[in-house]
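J.: pasting a predicted model and its sequence here:
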Amino acid sequence: MAGAADGDPVDEYPGGVPAGHPVQDQETDQARDREQGAARRGARRAPGGQEERPVTGGLAGQVPRQAGPPAGRPGGRPGGRAVPGMAFPYSPPSLEPPAPPLTPARPAWPEEPARPEAPLPLDDRVPGGGVPGGGVPGGGVPGDGARDGASASTGDQPPPARSSRLGRVGGATARAVGELLITVGLLVALFLAYQLWITDLFQARSQSRLHDRLAASWQAPPAPPPPKPSQPPPAVRPNPAVGQGFAVLHIPRLGEDYAPVIVEGVGETQLEEGPGHYPGTAMPGETGNFVVSGHRTTYGKPFNQLDELHPGDPVVVEVSDRYYVYRMTRSEVVAPDRIDVTDPVPEHSDATPVEAVMTMTTCHPKYSAKSRLIVFASLDRTVMKTPGAGVPFASGEA
Amino acid sequence: MYGWIYRHLPGPTPVRVTLALLLAAVVVTLLLFVVFPAVEPWVPLNDVTIRS
C-alpha cells in the first residue's frame, strides 16, 4: 500500500485503483471521498483539496486538463463517472452529473455546464444520465449540448465583451501610435546615418570621377609650353563650366592624401561633389580673392577639420602646370550673411586688391548651419610642376 | 502596421522572416538613395556658403 500511496497516481491508476479503493473505503467511510476520486491513493494522508487533483488527473489521464480545475466538484464527477465499474454502490449519486466528462475533447467545458445545469436540465440529462449504455453515442450529443450550454453561459458576459472590444480598439490605436512613433524615430536615425555616412559615399564617387577627368585634361595639353624659358610661362586661367573640376586642394596638415578636387559653383549639386569655387571670384593665383566653400560634416566632409589650421600652414592649390602655395593667415566665425568675406579684399568692400588671397568657408559649429567658419590665406609662392616632384610641403611645414 | 504586414506575408516562418528582411532592405535602400537625396535640399543642415 505504501508503494501505491507514494507512487505516481497516473501510473497506478489502471491496476491500483480497484484494489486500493476498497481498502480506502474501509478506512474512511466518506462517500464523498470515493465520489471525488476513484484513484485516491494519497487522500488518506492528506485529505485536502490538493490531494484530489492528482487523483482526478490520474483518472482523466486522457483528459489532462480536467485535472487543472482545483474545484473538487468538477473533478469529482469524472471520478465518480469512472467509479461505476469499480465501486458501484456509490456511483449512483455521481451518475447524474457525469455527462460533461463524456466530452473529454473539450476539457474546459465540463465545468461550465455544471452550473448552467439548472437552465439546461433536459439537454444535459436526457442523453447523458438517462441512458448509460447509450452513453457513448449519446455522449457526443450531451457534449454538444454542454458546449452550447457553455456558450449560452458565456452569453452572460456580453458587457465584458463590449468593454473588451473597446479595449481592443484602444489597444489598436495605442499600438498604431506607438508604431508610428517608432517609425518616425527610425526614419530620423536613418536620415542621420545617411547624412553622416552615405553622403560620403556619394562624394567619394564624384571625387574619383573628377580626379580622373582632371588628370586626363591636365595630361593632354601641358606638354606644349616652351621647355626652358627664363621666366615661368604665364598661367593659363582656367575657365571651368559650373560643376567642372579645375583644381586640387592640398592641405598638408590634414594629411598627405587630402586632395579634394575643387569644382566650379557652390550650388548644392556642386558642393555634393567637392569643395566649390564661388563663380566670379578670383581663380587660383590670381590677384583678388579665391573663395571656396566645402561641406563640414557630410558629403566627404572636406572642410571638417578646417578649424585645425594654424597661421602659416600651407594651403596648396594645384592646377594643370603649377602649385599655388597659400599660407593660412587667420580664421573667424561669422554670420551666414557676411558676404563681405568673399570680397576681393576680404571685409573691405571698397578696397582694390593688390595681392592674391584665398578664403575658405564652411558651416559652424559642426552639425549646424548657424554660423560660418572662415579661414583666410594669402599667396606665398608659386611652384611649377616638375616631373618626379610631388606636392610642395606635402610632408609638413617648410 | 508591422504586424499586419507580417501576417500578410506568405509562407512558413523562415520564408516570412526572409521576406520581411528583404522588404526592410528595399525600403531602406529606397530611402537612402532616392528619398533622402530628394528631400535633403529642404533640410538646411548643410549650408556652408555665404549668401546675403
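T.: Yep, it's here.
J.: packing partners of the longest helix seen in chain B?
T.: Taking residue count as the measure and DSSP state H as the definition, the longest helix of chain B comes out as helix B:13-30. Other helices and strands packing on helix B:13-30, by 3 or more Cβ pairs under 8 Å, 6 or more residues apart in numbering or on different chains; DSSP states H and E, are helix B:2-7. All C-beta atoms are positioned from the backbone trio N, CA, C, and that covers glycine.
J.: hmm, 7 Å instead?
T.: In terms of contact count using 3 or more Cβ pairs under 7 Å, 6 or more residues apart in numbering or on different chains; DSSP states H and E, helix B:13-30 is assigned no packing partners among helices or strands.
J.: kindly export it (C-alpha atoms) in PDB.
T.: C-alpha atoms of helix B:13-30 as PDB (Å, rounded to 0.1, in the frame of the first residue of the first chain):
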ATOM      1  CA  THR B  13       8.100  31.400 -40.700                       C
ATOM      2  CA  PRO B  14      11.600  31.200 -42.200                       C
ATOM      3  CA  VAL B  15      10.200  32.400 -45.500                       C
ATOM      4  CA  ARG B  16       8.300  35.200 -43.800                       C
ATOM      5  CA  VAL B  17      11.300  36.300 -41.900                       C
ATOM      6  CA  THR B  18      13.400  36.400 -45.100                       C
ATOM      7  CA  LEU B  19      10.700  38.300 -46.900                       C
ATOM      8  CA  ALA B  20      10.400  40.700 -44.100                       C
ATOM      9  CA  LEU B  21      14.100  41.400 -44.100                       C
ATOM     10  CA  LEU B  22      14.100  41.800 -47.800                       C
ATOM     11  CA  LEU B  23      11.200  44.200 -47.600                       C
ATOM     12  CA  ALA B  24      13.000  46.200 -44.900                       C
ATOM     13  CA  ALA B  25      16.200  46.300 -47.000                       C
ATOM     14  CA  VAL B  26      14.300  47.500 -50.100                       C
ATOM     15  CA  VAL B  27      12.600  50.300 -48.000                       C
ATOM     16  CA  VAL B  28      15.900  51.400 -46.500                       C
ATOM     17  CA  THR B  29      17.700  51.400 -49.900                       C
ATOM     18  CA  LEU B  30      14.900  53.500 -51.400                       C
END
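J.: go through that helix and flag the buried ones.
T.: Residues of helix B:13-30 classed as buried: residue B:16 (neighbour count, 16 or more other Cβ atoms under 10 Å in any protein chain shown).
J.: shaky segments in the chain?
T.: All of this refers to chain A. Of all residues in chain A, those with pLDDT under 70 make up the ranges A:1-163, A:220-231, A:394-398.
J.: actually chain B
T.: In chain B (pLDDT under 70), the answer is B:52.
J.: so after the longest helix of chain B, what's the next helix or strand?
T.: Following helix B:13-30 in sequence order, the next helix or strand is helix B:36-39 (DSSP states H and E).
J.: against which helices or strands is that following helix packed?
T.: Packing partners of helix B:36-39 (3+ Cβ pairs under 7 Å, 6+ apart): none among the helices and strands.
J.: now do it: everything it contacts.
T.: Residues from elsewhere that reach helix B:36-39, judged by Cβ atoms under 7 Å, 6 or more residues apart in numbering or on different chains: A:191, A:194.
J.: flag every buried residue along it.
T.: Neighbour counts using 16+ other Cβ under 10 Å place residue B:36 of helix B:36-39 among the buried residues.
J.: and residue A:379, which of the three is it?
T.: strand (DSSP: H, G, I helix; E, B strand; the rest coil).
J.: excluding its backbone neighbours, what's nearest it?
T.: With sequence-adjacent residues excluded and distances taken as Cβ to Cβ, 6 or more residues apart in numbering or on different chains, residue A:379 is closest to residue A:356, at 3.8 Å.
J.: again, but for residue B:46
T.: The spatially closest residue to residue B:46, leaving aside those adjacent along the chain, is residue A:298, at 5.6 Å (Cβ to Cβ, 6+ apart).
J.: and what of residue A:359?
T.: Take residue A:359 and drop its neighbours on the chain: the residue closest to it by Cβ to Cβ, 6+ apart is residue A:291, 4.6 Å away.
J.: that neighbour reaches residue A:280, doesn't it?
T.: No. Here residue A:291 does not reach residue A:280: they are 9.0 Å apart, not a contact under Cβ atoms under 7 Å.
J.: more neighbours, these two?
T.: residue A:291 (26 against 7; other Cβ atoms under 10 Å in any protein chain shown).
J.: quick check, the more buried one in a strand?
T.: Yes. With three-state DSSP as the criterion, residue A:291 is part of a strand.
J.: for it, list the residues it contacts.
T.: Contacts here follow Cβ under 7 Å, 6+ apart; on that basis residue A:291 touches A:277-278, A:281, A:342, A:359.
J.: ok, and what's touching the longest helix of chain B?
T.: In contact with helix B:13-30 (Cβ under 7 Å, 6+ apart) are residues A:190, B:6, B:9.
J.: the second one - nearest residue in space that isn't next to it in sequence?
T.: Read it as residue B:6. Once flanking residues are discounted, residue B:6 sits nearest to residue B:20: 6.0 Å by Cβ to Cβ, 6+ apart.
J.: kindly report the same for residue A:264.
T.: Leaving out its chain neighbours, residue A:264 is closest to residue A:240 (Cβ to Cβ, 6+ apart), at 4.0 Å.
J.: my guess is residue A:341 contacts residue B:49, does it?
T.: No. Counting by Cβ under 7 Å, residue A:341 sits too far from residue B:49 to count as a contact (11.0 Å).
J.: who has more neighbours, the two?
T.: Comparing residue A:341 with residue B:49 by neighbour count (other Cβ under 10 Å), the higher total belongs to residue B:49, at 22 against 17.
J.: wait, the more buried one sits on residue A:293?
T.: Yes. Applying Cβ under 7 Å, one finds residue B:49 in contact with residue A:293, separated by 4.7 Å.
J.: residues shared between the contacts of the two?
T.: Each of A:266, A:361 lies in contact with both residue B:49 and residue A:293 under the rule Cβ under 7 Å, 6+ apart.
J.: ranges for the strands of chain A?
T.: Residue ranges of the strands in chain A, as given by DSSP state E, are A:245-250, A:261-264, A:276-277, A:288-293, A:314-318, A:322-334, A:356-364, A:371-384.
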